[in-house]
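>>> Build the 3D model from these lines:
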Amino acid sequence: MRELWARYKSLLNHASPSSAEPSPQAKEARQLYEQKIWPLTKEGFTDRGQEQYAASFHTVGTTPEPVILSARAIDATKVYLLHTKDTEKLCGRIEKELGWGVDRIKTLQVSRSNPEDIYMQVRQQIDKLDSGAPIAFDPTGGTKAMVAGLAMFAFSLAEEGRTAHVYYVDNEEYDDQLRRPVAGTEYLKRLENPREIVPDWLYHRAREAYQQGDFLRAEERFRRAIEREGRANSPEAILSCAYKLLDTSQFEQAREKLAELLHLLQIHPYRQSPLVKHQGSIESQKQGLEAIVQLTNALTAKEKDVAPLADHSKVAWTLAALRFMAKGRLGSGRIAEAVLLRYRALELFLQHRLALKGFDTAKPDYQRLCEVAQTNLEALQVAYQSERTKARLEPEDNLEQKNTVDLISAYFLLRALGDEAAIAVNANKVVGLAKARNSSVFAHGFELPSKNLADDLADVLQTFVQNGKLPEVAFDPIPLT
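Numbering: from 1, shown residues only. Sure thing, here's the model as predicted:
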């Protein structure tokens, strides 16, 4: 290729530009380019390892070669050529050289000076594609408005969550004399979205994700920003990671991240971090996670111990974690998960109230319960049935025949024992919530959980907690500023 290019350049240098007709040297140069140089250029132009694109969009300028090279290398299922009225004739050559047929190649005429027209034309085609289909864009050719319009649109698609990659036909060597790339040095370069590589933009988008409760994305963007800056750690990334782990019930790992963050904030350059002034809140949440770990370990151990379930602080922090997880899921539209988490919080609170009397709902010991409550089984049975009757529920079998105590039974058992928190909540509300759960598609019925149900559960739980004299704790995300 080097030898051919030298010969090609020599012929052009000896060609007579003043002649009306092309000189023999100019004709020979063109023939050399078309028959040898250009075929070798196409053959050597590849972009290995890229993914398969559903479509590629190319702006067509006055030189068709870059479009041909990029279309061949990208090799998308559908190829769209964006041309103006002036460059329409070049599309024929591009189609002929690609040789893929009209079913694969489509031409779209766009304005040479209006980026909005490109947006509208391309958007119409993209809306026909599957939302998860990867798309490639090549704004190498065309007017400045066409190039800018296509590139900006491609990068904005990435903000919508689409896989949209922008490519450009670049070169390693440029011949200033001939004012064109040296043949064989062309390559396909992928242009990164500035929002994905400029630290200031990454920080902004990370904070935005953090505010929205998307801690996974926040962590990724904070870490990408510090990588770009060449820094080792990011307090914001560690904090985001802690909440991400909390959101997925990885309480021990979340505690370790908050401990790591507190340690980092003691080291010199991080003492200037805005998070330093929130160290007290971070320490409190770390201790809350420790309490949750202690409770969950006790309840899941081989020799289960319900004693920690009577600990107000441990239960309060566990309810705070469930509240945190439910809120995040509601914010992202995962209503069913939020409802299930709030039902679990309701059950946990009732189990806590019974645990205060040494009662395990999974292994009920009614005789011991009566001893603690200073009553007898007969009186407890009468009170229990009375509470159910007031709520217009059918009488139940003898209490001693219940091998486990579910949500509704736990509630009425607590009312029978005169529990202040249980009495503070209207029985019909609790019965209604229990019926809603049983009619749910996730239990025995076919109804989908709703936002209203999630709100009703939160209201009842709040009343329980307030009257149960639990500490007021919460995993409120620490402000970043």
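>>> how close does residue 340 sit to residue 449?
8 Å (C-beta to C-beta, to the nearest Å). Using the backbone N, CA and C atoms, a C-beta is placed for each residue, glycine as well.
>>> which residues do these two both contact?
Residues touching both residue 340 and residue 449 by C-beta atoms under 8 Å, 6 or more residues apart in numbering: residue 442.
>>> For the stretch 1-150 of the chain, which segments count as strands?
55-59, 78-83, 105-109, 135-138 (DSSP state E, counting those that start in this stretch).
>>> Could you dump those into TSV and include distance to residue 154?
As requested, those are arranged in TSV below (distance: least, C-beta to C-beta, whole Å):
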stretch	distance to residue 154
strand 55-59	8
strand 78-83	12
strand 105-109	15
strand 135-138	4
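>>> most packed of the ones you listed?
Comparing the strands of the stretch 1-150 of the chain by mean neighbour count (mean count of other C-beta atoms under 10 Å), strand 135-138 ranks first with a mean of 28.
>>> Pairing partners for that strand, with directions?
With DSSP bridges as the test, strand 135-138 is paired with strand 55-59 (parallel), strand 164-171 (parallel).
>>> Which one of the ones you listed has the poorest average confidence?
Here the lowest mean pLDDT among the strands paired with strand 135-138 goes to strand 164-171, at a mean of 85.
>>> That strand: which residues count as buried?
Within strand 164-171, the residues that count as buried by 16 or more other C-beta atoms under 10 Å are 164, 165, 166, 167, 168, 169, 171.
>>> Note down every partner strand of the helix or strand just after it and its orientation.
Per DSSP states H and E, the first helix or strand lying C-terminal to strand 164-171 is strand 174-175. Strand 174-175 sits in its sheet next to strand 180-181 (antiparallel), going by DSSP bridges.
>>> Contact partners for the closest residue to residue 446 other than its chain neighbours?
Spatial nearest neighbour of residue 446, excluding adjacent residues (C-beta to C-beta, 6 or more residues apart in numbering): residue 439 at 7.6 Å. Contacts for residue 439 (C-beta under 8 Å, 6+ apart) come out as 445, 446, 447.
>>> neighbours of residue 347, just the number please.
16 (other C-beta atoms under 10 Å).
>>> Run through the bridge partners of residue 107.
Bridge pairing for residue 107 - DSSP bridges - gives residue 81.
>>> in the one helix or strand residue 208 maps to, what counts as buried?
Counting by DSSP H and E, the element that carries residue 208 is helix 199-211. For helix 199-211, burial by neighbour count (16+ other C-beta under 10 Å) applies to 202, 203, 205, 206, 207, 209, 210.
>>> From the residues you listed, pick the one nearest residue 85.
residue 205 (39.4 Å; C-beta to C-beta).
>>> show me the contacts for residue 366.
Per C-beta under 8 Å, 6+ apart, neighbours of residue 366: 377, 380, 399, 400.
>>> Of those, grab the buried ones for ChimeraX.
Selection of buried members from those for ChimeraX, criterion 16+ other C-beta under 10 Å:
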select :380,399
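>>> State the pair within the contacts of residue 366 that is farthest apart.
Taking C-beta to C-beta, no two of these sit farther apart than 380 and 400, at 10.1 Å.
>>> residues in contact with stretch 463-476?
With C-beta under 8 Å, 6+ apart, stretch 463-476 has contacts from 243, 246, 281, 284-285, 288, 312-313, 315-317, 319-321, 323-324, 346, 349-350, 352-353, 420-422, 424-425.
>>> As PDB, could you dump the C-alpha coordinates of the helix holding residue 208?
Output in PDB follows, covering the C-alpha atoms of helix 199-211 (Å, rounded to 0.1, in the frame of the first residue of the first chain):
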ATOM      1  CA  PRO A 199     -15.700  14.100  35.500                       C
ATOM      2  CA  ASP A 200     -17.900  17.200  36.100                       C
ATOM      3  CA  TRP A 201     -20.800  15.700  34.100                       C
ATOM      4  CA  LEU A 202     -20.300  12.300  35.800                       C
ATOM      5  CA  TYR A 203     -20.400  13.900  39.300                       C
ATOM      6  CA  HIS A 204     -23.600  15.800  38.400                       C
ATOM      7  CA  ARG A 205     -25.300  12.600  37.000                       C
ATOM      8  CA  ALA A 206     -24.000  10.600  40.000                       C
ATOM      9  CA  ARG A 207     -25.600  13.100  42.500                       C
ATOM     10  CA  GLU A 208     -28.700  13.100  40.400                       C
ATOM     11  CA  ALA A 209     -29.000   9.300  40.600                       C
ATOM     12  CA  TYR A 210     -28.300   9.400  44.400                       C
ATOM     13  CA  GLN A 211     -31.100  11.900  44.900                       C
END
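>>> Check which helices and strands the helix or strand following it sits against.
Next in sequence after helix 199-211, counting helices and strands by DSSP H and E, comes helix 215-229. Under the contact definition 3 or more C-beta pairs under 8 Å, 6 or more residues apart in numbering; DSSP states H and E, helix 215-229 sits against helix 194-197, helix 199-211, helix 235-247.
>>> Help me confirm that residue 387 comes into contact with residue 412.
Yes. Between residue 387 and residue 412 a contact is recorded at 4.7 Å, counting by C-beta atoms under 8 Å.
>>> and for those two, which residues touch both?
By C-beta under 8 Å, 6+ apart, the residues touching both residue 387 and residue 412 are residue 427.
>>> and the two? which has more neighbours close in?
residue 412 (24 against 20).
>>> secondary structure element for the more buried one?
helix 407-416.
>>> how about the next helix or strand after that helix: buried residues?
Counting by DSSP H and E, the next helix or strand C-terminal to helix 407-416 is helix 420-423. Under the neighbour-count criterion of 16+ other C-beta under 10 Å, helix 420-423 has 421, 422 buried.
>>> got a list of contacts for helix 420-423?
By C-beta under 8 Å, 6+ apart, helix 420-423 touches 349, 350, 353, 411, 414, 415, 464, 467, 468.
>>> same thing but at 10 Å, please
Outside of helix 420-423, the residues within contact range by C-beta atoms under 10 Å, 6 or more residues apart in numbering are 349-350, 352-354, 387, 410-417, 430, 463-470.
>>> Just the CA trace of the helix or strand harbouring residue 433, in CSV.
Here residue 433, judged by DSSP H and E, is contained in helix 427-438. Extracted in CSV, the C-alpha atoms of helix 427-438 (Å, rounded to 0.1, in the frame of the first residue of the first chain):
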residue,chain,number,x,y,z
ALA,A,427,-59.2,-3.8,64.1
ASN,A,428,-61.1,-3.4,60.9
LYS,A,429,-58.0,-1.8,59.2
VAL,A,430,-55.8,-4.8,60.1
VAL,A,431,-58.5,-7.3,59.0
GLY,A,432,-58.8,-5.4,55.7
LEU,A,433,-55.0,-5.6,55.2
ALA,A,434,-55.0,-9.3,56.0
LYS,A,435,-57.8,-9.9,53.5
ALA,A,436,-56.0,-7.8,50.8
ARG,A,437,-52.9,-10.0,51.3
ASN,A,438,-54.9,-13.2,51.0
